[in-house]
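Visitor: sequence first, predicted coordinates after that:
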Amino acid sequence: MKTRIKHLLLLPALTAGLGLMPAVQAPAGNLPLNLGWQNLEFRTYAPDSIREIADCKIEKIYLDHRRLGFFRVKLLPVLVVQGVRLELGGSNPTNDWPQGFQSDWLPDIKRSAVEWRDVVITVQKDNAPSLHADRAQPEPGGGATVCSFNSVTLEAGGAKWQVPQAVLQNENGRPFLVWQDGGGTRRMDLFSGELLQP
């Protein structure tokens, strides 16, 4: 799988404080943690193809600490990917769309220590569903569950659902958002917008 960087802008904390904005091009993978990263865009393509799987725009990446109640615990650092705008290709090859969630361009750290915040996921087609989540946790590649979400708003076909939690699953190559409500388990195909009733 190839991940190509369209635009990469580094803003070291010192130069940002001085109002200087040096632009630096860098290869995907292993972004150093000693720099402040802002205004990034990564595009993922199918193997040996120019067919785009996903376009991911990111507001910034920074190091934070996990919260336990009202407190931040410095012994539990977390790499925050803030302001994620992930657009999936409307005609994705089967099973390739989960690559957009793998974050191969991040530093080589445990994925459990990475958290996406303020996440919007759409599909490159008219009238496609739109998902917004306050927080997201991409899962390691290969499993049925691709990503877990908290504080989710899903809009599709003029309807809106707001749920505390949902998961994105790979079901036979299709991206299904799965959540629970008073009527049981609901599942929506994010490519087609089809809602499967319980």
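Guide: Looks like it arrived, so ask away. It should be emphasised that the depicted structure is a prediction, and the values quoted were computed from it without experimental measurement.
Visitor: from now on I want contacts and neighbour counts done on CA atoms only, so please keep to that.
Guide: OK.
Visitor: and the next element down the chain from the helix or strand of the chain with the lowest mean pLDDT?
Guide: Ranked by mean pLDDT, DSSP states H and E, the helix or strand of the chain with the weakest confidence is helix 13-17, at a mean of 30. Downstream of helix 13-17, the first helix or strand assigned by DSSP states H and E is strand 37-45.
Visitor: mean confidence for that following strand?
Guide: Mean pLDDT, strand 37-45: 86.
Visitor: and after that strand, which helix or strand comes next?
Guide: Counting by DSSP H and E, the next helix or strand C-terminal to strand 37-45 is strand 52-68.
Visitor: just checking: what are the partner strands of that next one?
Guide: Strand pairing for strand 52-68, determined by DSSP bridges: strand 37-45 (antiparallel), strand 71-88 (antiparallel).
Visitor: which of the residues in the shortest one are buried?
Guide: Of the residues in strand 37-45, those buried under the neighbour-count criterion (16 or more other CA atoms under 10 Å) are Trp37, Gln38, Leu40, Glu41, Phe42, Arg43, Thr44, Tyr45.
Visitor: just put the residues you listed in CSV and tack on distance to Glu87.
Guide: Shown next, in CSV, are these (distance: CA to CA, whole Å):
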residue, distance to Glu87
Trp37, 20
Gln38, 18
Leu40, 14
Glu41, 11
Phe42, 11
Arg43, 10
Thr44, 11
Tyr45, 13
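Visitor: nearest to Phe176, out of those residues: which one, please.
Guide: Thr44 (20.1 Å; CA to CA).
Visitor: so what's Gly142 up against?
Guide: Gly142 makes contact with no residue under the criterion CA atoms under 8 Å, 6 or more residues apart in numbering.
Visitor: quick one, phi/psi of it?
Guide: phi 110, psi -20 (degrees, to the nearest 10).
Visitor: and the gap between it and Gln180?
Guide: According to CA to CA, to the nearest Å, Gly142 stands 24 Å off from Gln180.
Visitor: which helices and strands does the helix or strand hosting Asp134 pack with?
Guide: Under the criterion of DSSP H and E, Asp134 resides in strand 130-138. Here strand 130-138 is seen to pack against strand 114-123, strand 145-156 when contacts are counted using 3 or more CA pairs under 8 Å, 6 or more residues apart in numbering; DSSP states H and E.
Visitor: outside of that strand, which residues touch it?
Guide: 101-102, 111-112, 114-123, 146-156.
Visitor: try 7 Å this time
Guide: 101, 115-122, 146-156 (CA atoms under 7 Å, 6 or more residues apart in numbering).
Visitor: can you check stretch 151-163 too?
Guide: Stretch 151-163 has contacts (CA under 7 Å, 6+ apart) with Ala128, Pro129, Ser130, Leu131, His132, Ala133, Asp134, Pro164, Gln165, Gly193.
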